[in-house]
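In: just to be clear, the model below is a prediction. Sequence and coordinates:
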Amino acid sequence: MATTELQPNIKSTVPDDQHHVVDQEAQPTLVGRGRGGWVTFPYVTVGILGLTVAASGWLSNLIVFLIGQFNIKSIDAAQIYNIVNGCTNLLPIAGAILADSSFGNFSVVNVSSFISLMGMILLTLTASIRSLRPAYCVNGSMLNTSPCTTPSTFQYAVLYAAITLASLGIGGTRFTIATMGADQFDKPKHQASFFNWYFFTLYVAYVIGSTVIVFIQDNVGWNWGLGLSLASNAIGIAVFLAGKRYYRYFKPNGSPFTSIARVIVATIQKRKVSLSSEANTYYYGYNNGVTIHQTSSSPTSSLRFLNRAAIKTEGDTSEDGSIAKPWRLCTVQQVEDLKTLLRIFPLWSTGIFLSIPIGIQSSLVVLQALTMDRHIGPHFKVPAGSFLVSTLISTAIFLTFIDRFLLPTYRKLTHRTLTPLQRVGIGHILNIVGMAASALVESRRLHVVQSHNLVGSRTIVPMSALWLVGPLAIVGVGEAFHFPGQVSLYYQEFPTSLRSTSTAMISMLVALGYYLSTALIDLVRRVTVWLPDDINAGRLDNVFWLLVVIGVINFGYYLTCSVLYKYQNSEAYHRLVGMRAVSILGLTVAASGWVSNIIVFLIGQFNIKSIDAAQISNIVNGTTNFLPIIAAIIADSFFGSFSVVAISSFISLMGVILFTLLVTIRSLRPPHHCVINGSLPCETPSTLQFAVLYAAITLASLGLGGTRYTIASMGADQFDKPKDQASFFNWFFFSLYVASIIGAVGIVYIQDNVGWDWGFGVCLAANFVGLIVFLVGKRYYRHVKPQGGPFTSLARVVVATIRKRKVLVSQETKTYYHGYSTSSATINQPCPPTLSFRFLNRAALKTEGDTQEDGSIAKPWRLCTVQEVEDLKTLIRIFPLWSTSIFLSIPIGIQSSLVVLQALTMDRHIGPHFKVPAGSFIVSTLTSTAIFLPLLDRFLLPTYQSLTRRPLTPLQRVGIGHVLNIVGMAASGLVEWKRLHVVRSHQLITSSSSSATIVPMSAFWLVIPLSIVGVGEAFHFPGQVALYYQEFPASLHSTSTAMISLLVAVGFYLSTAMINLVQRVTGWLPNNINDGRLDNMFWLLVVIGMINFGYYITCSVLYKYQNVDDHDPSKVDDDDEPKQEED
């Protein structure tokens, strides 16, 4: 946790010359000047360490304690655990309010520590005195297979009294001591450093309690374990009290919530008073007999109805300027304090649903661990309650990693710091990923249970409990992002009079999360059978998938709140960048989730033959790459980029909804009784089923086509300088490929292993989140007004040239028409048209009757401007270069479809249990591109420039991409040759079109050629986009970025035609590829690629840049920053 991140500067609504005086009225009074500082640090830190070790020692193992010592059923024990966690996280808010309002931090911590000690004494007695516990249940209560003696009323009373006292003690110390520690320092830098060490100490103490003490409880005895917790609590109190004389104390000035209540009451009483925009009509405060005047600014305009509480009316103030009616008049600062709380409340509320999954996971994981093999080696058995330490360890480690590596690296790469809201957002994402990982682990555990017939048995499931560590560690990394981010945000944004309350807000939302997790578990138990007392007979994995859905919805809510929230010192520009990134990620994840696996979907769910499915995939890919050019023309000509992206995203959402219905409603698919490659006799889909399928594909393709490159052009429009535009395109492609990887790996895995309905459901959620975030950011975007159809002017040039074909071309500048402006009459232009394609210059020659008396064009289809003529020349000059990339895309299109068919016939296992989905192998291309793009941008290109003293031109980048594409196809040919050799050596060739036998050759051989092609894409795709964006006419910017999509579309269509041609004239591509010669297909692509590369070299040598040289990135000052534009 970077110290600079914890203390954002707050821009007060009150000027600096008054700020100190006004704050003095709100601040608690300092007692004992000269105290505080780093001398107090050891006392506070050891106090935290001792109290937290004691708390985690009993809390981490509470479920096991209740099940094993008090014969309480497993799910009930988990519910009690959630309630206790809720209390220990809700009570800190009460402790903080008492500290801020009445008693001060030291007194609250002191009393709470003694209450905690009393609770620990009672817990130790319950473990030591036999009569305070029920008779030991021999069979255990975990699976509830035999009746066990329940605790008596007295035993319950002692148990609950102990838990209550210990919980009260934790609640009063956990965050109040954090605020007290921060109060010992004056400088924000030192306060930030203290928070760093506070969280580090907190997590280290949890690790000690959850491992050492829990191990002693399970292996030595509960009396020894709880006795150590008692000793730790006593040591913590003693050390904390020993530092009393060194502490700095703040005397509380009464409840800060009174002033908040006064603002509300005053606003209601003055609801009919008209608001004023004049600063002198508001009351700013009173100090030492002097009324504070404010003339430079009035209260903020947000939630402006509350400003009435600070408007001075007759009788509100005394003669000396002090407040006469405190429930009718408040200061401006008090009004702004309430506004701050209201503004931050929606953001805070998102943390509740972030805590629900953590609460459920932390209780259910203990139940999972109790049923699994917890041995490390033959003799050591990990306690079930200690598995939660995985979260704590990963958080503690990652806190340091974030502070020392990630944040400095991010700052170096982006030249800006990671804001608290961004840190919390990353935490949301990791929390969702962690829940999905928990669901997958539980699915695997239940599979083992069923395969070994262990339902209803007390036998330990033969699966290592260490599988639980992965999801817990992911959640822990998420906590390293979102917990410090939230504490930092609340500490700085809350009013100064609520400092203790601010740091406890994180505890309150965790408490509500635990309470709601208890309610959610109760609800699930009532309406489903997922959570019986014997979890081996339930569906705990479905609970985790439910948490994933809740997390995705909550993340969308969080994004909306964070976009609308305004830091005191932030810029809309940074929010704009984040919104575009989230939109691109959401829409692309949804698209790649269905496009990547469509071949497997068509074969497995619709009984379509393998080569036919590959052909449909090529057509879909062609369409989704052809449609962007139409969308770009519409954006440039009529509606603008924003409208096209918004409408297309909605159309895409409709398509994904149809896909989800297809896999959810059984009657919309043919009967499923065919083998995976669909080559056995199968029932074909009905007309209705085909209609719904093609409607879904059409809508999803239309939506994808309308967003893919139009959103890229819109993003580039937000920047003025070519250097920034080029950098944006690099990161656009990086985001595009990362999102594609997520879709092609995560979603495809869910489709193949969990269910198609879940997979498409995640696609639907991603599309929805992307659309919402994109729309929320509307007010921040720079909107470029379309100027009508740019192709009309190009057509006019052609027609005018034909009509003036007999007019002699002139060398004199004045004979050409350069344009007309209503403000300055005819535009004078000293330069004549260029000499290339000079026959087109006739269109700009002025002849009799072409212009009006005022200089405007009289005959628009006979006269054009010089600029319109030059725009057409630019397109003609660049067309040969563009056409070379069509034949660059044909091999990529063929490879991306055939590689799925290859993977279906090969060994796709990683280890004995995990099988990689066939549709996920194409992610090798995406991964290599995503890795190589930043490497290219941050290392290779700067190195090349420093060595050669010139940048790598776009044409050179594209040329390198051509070469790597050819190498990739040759590698595919060699891999396929090897695969066919294995087929023949094992006699796997079939005499009919029956299903292809799995070839004993690892499918990971396919990764090598795909990765080579991916590196090539990292060179040629951004190179082409940058070239077209800068060389195309300004009126065709959206069209220029879509040109890459058009050539990919044409490439996919031609790849379909080429496969059809090869099928007709050769025997290389039968339905069972084991009987064919797919290697010859790849060698044919190598030959086509080499011929096309020769054509490209010729075109690039003859081409002359028009604009790129004028915008050499090396000539731009690196210190220049992109300007923020207003609509």
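Out: Sure thing, it's come through.

In: show me the helices in the stretch 201-350 of the chain, by range?
Out: Along the stretch 201-350 of the chain, counting by DSSP state H, counting those that start in this stretch, helices occupy 214-219, 222-242, 256-269, 332-370.

In: I'd like those helices laid out as CSV, including mean pLDDT and mean neighbour count.
Out: Quick note: C-beta positions are derived from backbone N, CA and C, even for glycine. Formatted as CSV, those follow (pLDDT from 0 to 100; neighbours: other CB atoms under 10 Å):
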stretch, mean pLDDT, mean neighbour count
helix 214-219, 84, 21
helix 222-242, 90, 21
helix 256-269, 82, 18
helix 332-370, 82, 22
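
In: mind giving me CSV with these and columns for distance to V692?
Out: Below are these laid out as CSV (distance: least, CB to CB, whole Å):
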stretch, distance to V692
helix 214-219, 55
helix 222-242, 61
helix 256-269, 55
helix 332-370, 34
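
In: buried sites along stretch 463-483?
Out: Buried residues in stretch 463-483, counted by 16 or more other CB atoms under 10 Å: 463, 465-483.

In: so what touches stretch 906-923?
Out: Here stretch 906-923 makes contact (CB atoms under 8 Å, 6 or more residues apart in numbering) with 444, 596-600, 740-741, 744-745, 748-749, 751-753, 896, 899-900, 903-904, 979, 998-1003, 1005-1007, 1010.

In: could I get the phi/psi values of the residue nearest to L941 when sequence neighbours are not counted?
Out: Once flanking residues are discounted, L941 sits nearest to L952: 5.7 Å by CB to CB, 6 or more residues apart in numbering. Here is the backbone geometry of L952 (degrees, to the nearest 10): phi -80, psi 120.

In: need the contact list for L952.
Out: With CB under 8 Å, 6+ apart, L952 has these contacts: 941, 944-945.

In: and for E868?
Out: If you count contacts by CB under 8 Å, 6+ apart, E868 has them with 793-794, 796-797, 843-844.

In: go with 10 Å
Out: 790, 792-794, 796-797, 800, 817, 819, 840, 843-844, 1033, 1035 (CB atoms under 10 Å, 6 or more residues apart in numbering).

In: buried only: go through these for me.
Out: 790, 793-794, 796-797, 800, 817, 819, 840, 843-844, 1033, 1035.

In: ok so, going back, can you select the buried ones from the contacts of stretch 906-923 in PyMOL?
Out: To isolate the buried subset of the contacts of stretch 906-923 in PyMOL, counting by 16+ other CB under 10 Å, use the following:
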select buried, resi 444+596+597+598+599+600+740+741+744+745+748+749+751+752+896+899+900+903+904+979+999+1001+1003+1005+1006+1007+1010
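
In: burial check on F932, number of neighbours?
Out: 20 (other CB atoms under 10 Å).

In: and the pLDDT at S972?
Out: The score at S972 is 92. That number is its pLDDT.

In: show me what the strand or helix carrying it is packed up against.
Out: Using DSSP states H and E, S972 sits in helix 954-985. Counting by 3 or more CB pairs under 10 Å, 6 or more residues apart in numbering; DSSP states H and E, the packing neighbours recorded for helix 954-985 are helix 866-884, helix 886-904, strand 906-907, strand 999-1002, helix 1007-1031, helix 1078-1102.

In: buried sites along the first one?
Out: Burial within helix 866-884, assessed by neighbour count using 16+ other CB under 10 Å, is assigned to 866-875, 877-878, 881-882, 884.

In: the fifth one too?
Out: When burial is assessed from 16+ other CB under 10 Å, helix 1007-1031 yields the following buried residues: 1007, 1009-1031.

In: quick check: I876 touching T834?
Out: No. Judged on CB atoms under 10 Å, I876 makes no contact with T834 at a distance of 11.8 Å.

In: domain map for the protein?
Out: Annotated domains of the chain cover 29-252+336-570, 273-329, 574-785+878-1115, 790-877 [automatic domain parsing].

In: would you format the ones you listed as CSV with distance to T267 included?
Out: As requested, those are arranged in CSV below (distance: least, CB to CB, whole Å):
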stretch, distance to T267
domain 29-252+336-570, 9
domain 273-329, 5
domain 574-785+878-1115, 27
domain 790-877, 51
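
In: nearest to R262 among these would be which one?
Out: In terms of CB to CB, the element of these nearest to R262 is domain 273-329, at 5.7 Å.

In: ok, Y1103 - how many residues close by?
Out: Y1103: 15 neighbours (other CB under 10 Å).

In: ah, wrong one, I meant T409
Out: Applying other CB under 10 Å, we find 10 other residues in the vicinity of T409.

In: center of the protein, which residue is that?
Out: Nearest to the mean C-alpha position of the chain, counting by CA atoms, centre = their mean, stands I429 at 5.1 Å.

In: next SSE downstream of the helix or strand encompassing it?
Out: Using DSSP H and E, I429 sits in helix 420-451. Sequence order places strand 461-464 as the next helix or strand after helix 420-451, per DSSP H and E.

In: list the strands paired with that next one, with their directions.
Out: strand 372-373 (parallel) (DSSP bridges).

In: run through who's touching the partner strand.
Out: For strand 372-373, the external contacting residues (CB under 10 Å, 6+ apart) are 381-382, 384, 387, 441, 445, 448, 460-468.

In: and if we set it to 8 Å?
Out: By CB under 8 Å, 6+ apart, the list of residues contacting strand 372-373 reads 445, 460-465, 467-468.

In: which of the residues you listed sits closest to L489?
Out: Distance to L489 across the contacts of strand 372-373 (CB to CB) is lowest for L468, with 31.1 Å.

In: contacts only, for the closest one.
Out: Here L468 is in contact with 365, 368-369, 372, 387, 390, 438, 441 (criterion: CB under 8 Å, 6+ apart).

In: do you know how far it is from F544?
Out: For L468, the distance to F544 equals 12 Å [CB to CB, to the nearest Å].

In: what's the overlap in contacts for those two?
Out: Joint contacts of L468 and F544 (CB under 8 Å, 6+ apart) are S438.

In: any idea how far A858 is from the residue of the chain positioned farthest from its centre?
Out: Residue farthest from the centre of the chain, counting by CA atoms, centre = their mean, is E848 at 62.9 Å. As judged by CB to CB, E848 and A858 stand 10 Å apart.

In: who are the contact partners of V1086?
Out: 966, 969-970, 973.

In: neighbours around E278, how many?
Out: Look at E278: counted by other CB under 10 Å, it has 8 neighbours.

In: how far away is it from W882?
Out: Separation of E278 from W882 (CB to CB) stands at 62 Å.

In: so G655 touches L693, yeah?
Out: No. Counting by CB atoms under 8 Å, G655 stays clear of L693, with 11.0 Å between them.
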